[in-house]
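> Quick one: sequence and predicted model below, then my questions.
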There are 2 protein chains.
Amino acid sequence: MQRDTIIALDAMGGDHAPQEIVKGAVQAARDLGINVALVGIPERIIAELARYGPKSELISVVPALEVIEMDEQPAQAARHKKDSSMVVGLKMVKQGQADAFVSAGNTGAVMAGAIMYLGRLKGIERPSLVALLPFAGRLTVFLDVGANADCKPSYLLQFGQMASVYLEKVWNIPNPRVALLNIGEEDSKGNQLSLEAYELLKDSELNFIGNIEGKDIAKDQADVIVTDGFTGNVVVKTMEGVADFITGQLRQAMTSRWHYKLAAAVLLPAFNQLRRSMDYREYGAGPLLGINGLVFIGHGRSDAQAIVSALRVAREAVQSGMLEAMREMAPAPTRKAGQDSE
Amino acid sequence: MQRDTIIALDAMGGDHAPQEIVKGAVQAARDLGINVALVGIPERIIAELARYGPKSELISVVPALEVIEMDEQPAQAARHKKDSSMVVGLKMVKQGQADAFVSAGNTGAVMAGAIMYLGRLKGIERPSLVALLPFAGRLTVFLDVGANADCKPSYLLQFGQMASVYLEKVWNIPNPRVALLNIGEEDSKGNQLSLEAYELLKDSELNFIGNIEGKDIAKDQADVIVTDGFTGNVVVKTMEGVADFITGQLRQAMTSRWHYKLAAAVLLPAFNQLRRSMDYREYGAGPLLGINGLVFIGHGRSDAQAIVSALRVAREAVQSGMLEAMREMAPAPTRKAGQDSE
């Protein structure tokens, strides 16, 4: 009999590690029956586990004595800290001891480590980091968000192909709508990169719906939005900044007088509803696409709830055959944009 | 004696033209004593003016019988519609009949027309479109937001130089802090363009404070933020989209139950305070920098209040000697980034 799915979880990665990470693992084992291998410094993990009573047999502890900090230089850390929770976790996937690796730690280091220890999928020029944008209970896969600051048009095509497979397999969204982030809706708009990527996407087998502008990202127009890693990274951070600014201003405005405070208390459930509709924790962690192995990267701020979601999504990915589908994915055409399609 | 400052105003440009445009002109003349030349279809302008009683002698009407629509192809429209309010208004500036031109119309057409009829400032490779970001009553000049989808590093340096002169002259902000939009704070972060632009900015005479990330745009860290026109355009539209999404969700959440509605009514002034803190209308219109003449482009949604602000800012720009300062600005170095500074 095949062994159960096992998810390796970086117990030391993230702003709230190991407390929230371990807590999330305990909840995922208890509520969802997920097998979790907690990778990290054993004493610290065991101390956290002790808070939750007898250890579930679904949870194991895998020792890794080094820690890669959130602000460490990614490639160096991944290369030299061979006994870190990240490297040990990635190697578990490589050696078949785990089916997927989940980390809320140093994003760059996970990415560098994944390329180093698991390698790229054949036919994929660049792995891509994904953001799962939560808007009103709906999921948009947005990529690349920082793995590739400078992109070629063919990368963007491959991003669209990988994200489509991910959505079909893991989220059961058939024929996902793929859009290109651009500065206008017309196909004549854009910089050189987006003009060329447009042609590749148009000629592909994808369900390409054309350009989408920044103002429409939050609307339900596309399931996948592709862009280069520079623009993508700036966009997700801008969204975060604007959301923080608005909620901060709102809080300030609403506590400026005592009768505002009373009214705000009445509205608290409504505000919470709003917050939930934008809650990244629902989706847990985004996949690192293009890696020859399943790797999920969670938000540095991940709490236990986000970790539960991440583990759930990782298990779903394993069982969906997503990786196998990507391995079989037709290698992306490598012809230059600008040439006519045959 | 020198004649008074005259601002040519595109009466036909914008989503609410000519009604709100004419209304704004009337208010600016009445409340601020600004001389406004309303350019457009005379009957329509006069019909609107008639609503406000006897015409102020500060307001004149300059006939232009063609209209450039919001969705027209910009360069073609600017070239062929020679009797449009835009072209006539720009030519008034060229011929010295007006000191500045303000339009809330088709942005691309104003830009194309400005380059065609007024020309570029000497030493400036590319004019730039500016967004004035309103955050909590504070102004950040953000550029380029769409004039130049593909940029060279030297353009970004010139954007920083022009925006600094603008802030010093028109907004009395001495030694403005200039930042480069990037995907990390460290100087090793970025795409090829931002890495090279960083070096140019660092070696310049500007008050360059380094990289700034998307999440910090809304914080009071920089007075000027430079980026390429693709990223800039996507960023401002993303901000708009996120703000619309949040306020829409908030409205929905707060009207979902009757006691929420009551509480929301109490909070209305607080919400209005929030809205004011993000109100673009305060700043009226952004300058088109790098043009040999003063041109201001307002938001397509401009209402009378925004037009009043735009006219005020335009007059301030004329009287501040901003254009003269830009003409005297040392031509930007054209050496390639990567070379050491001498």
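Everything's here; your move.

> OK, contacts around the one residue in the stretch 1-150 of chain A that gets nearest to chain B?
Closest to chain B within the stretch 1-150 of chain A is A:A149: 3.9 Å, counting by CB to the nearest CB. (C-beta placed from N, C-alpha, C; glycine too.) Going by CB atoms under 8 Å, 6 or more residues apart in numbering or on different chains, A:A149 touches A:228-230, A:233, B:183, B:189-192, B:194.

> Just the buried residues of these.
A:228-230, A:233, B:183, B:189-191, B:194 (16 or more other CB atoms under 10 Å in any protein chain shown).

> Select the longest strand from chain A.
Counting residues, the longest strand found in chain A (DSSP state E) is strand A:128-135.

> Not counting it itself, show me its contacts.
Strand A:128-135 is touched from outside by A:107, A:111, A:139-148, A:155, A:158-159, A:162-163, A:166, A:217-220, A:229, A:232, A:236, A:239, A:277-280, A:282-283, A:286-290, A:297, B:245, with contacts defined as CB under 8 Å, 6+ apart.

> and the end-to-end length of stretch A:80-97?
22 Å (CA to CA, to the nearest Å).

> buried residues in it?
A:81, A:84-94.

> How about stretch A:175-182?
Those would be A:176-182, for stretch A:175-182 by 16+ other CB under 10 Å.

> out of those residues, which one sits closest to chain B?
Using CB to the nearest CB, the buried residues of stretch A:175-182 come closest to chain B at A:L181, 6.3 Å.

> Show me how chain A divides into domains.
Following automatic domain parsing, one gets these domains for chain A: A:1-124+A:290-324, A:126-279.

> got CSV for these, with mean pLDDT and distance to B:D99 too?
Output for these, formatted as CSV (pLDDT from 0 to 100; distance: least, CB to CB, whole Å):
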stretch, mean pLDDT, distance to B:D99
domain A:1-124+A:290-324, 94, 51
domain A:126-279, 88, 31
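
> Which of the three states applies to the closest residue to A:L118 other than its chain neighbours?
Closest residue to A:L118 apart from its sequence neighbours, by CB to CB, 6 or more residues apart in numbering or on different chains: A:G293 at 3.9 Å. Using DSSP: H, G, I helix; E, B strand; the rest coil, the structure places A:G293 in coil.

> Over to A:V110?
Under three-state DSSP, the three-state class of A:V110 is helix.

> these two touch, right, it and A:S85?
No. A:V110 lies out of contact with A:S85 (CB atoms under 8 Å); the separation is 10.4 Å.

> which residues do these two both contact?
Shared contacts of A:V110 and A:S85 (CB under 8 Å, 6+ apart): A:10, A:13, A:103.

> Name the helix or strand for the second one, please.
A:G13 belongs to no helix or strand when elements are defined using DSSP states H and E.

> looking at it, it is touching A:T107, isn't it?
No. Shown here, A:G13 and A:T107 do not form a contact pair, counting by CB under 8 Å, at 9.4 Å.

> Name the residue in the two with the higher neighbour count.
Shown here are A:G13 and A:T107; by other CB atoms under 10 Å in any protein chain shown, A:G13 has more neighbours (31 against 22).

> Could you find the closest non-adjacent residue to that one?
Excluding its sequence neighbours, the residue lying closest to A:G13 (CB to CB, 6+ apart) is A:G105, at 2.2 Å.

> quick check, nearest of the contacts of A:A149 to A:Q27?
A:N233 (30.8 Å; CB to CB).

> Mind listing what's buried along whichever helix or strand A:F230 is part of?
Secondary structure from DSSP H and E places A:F230 in helix A:229-254. Neighbour-count burial for helix A:229-254, counted by 16+ other CB under 10 Å, picks out A:229-243, A:245-247, A:249-250, A:253-254.

> just checking, what packs against the helix or strand following it?
Following helix A:229-254 in sequence order, the next helix or strand is helix A:258-277 (DSSP H and E). Counting contacts by 3 or more CB pairs under 8 Å, 6 or more residues apart in numbering or on different chains; DSSP states H and E, helix A:258-277 is packed against helix A:229-254, helix B:229-254, helix B:258-277.
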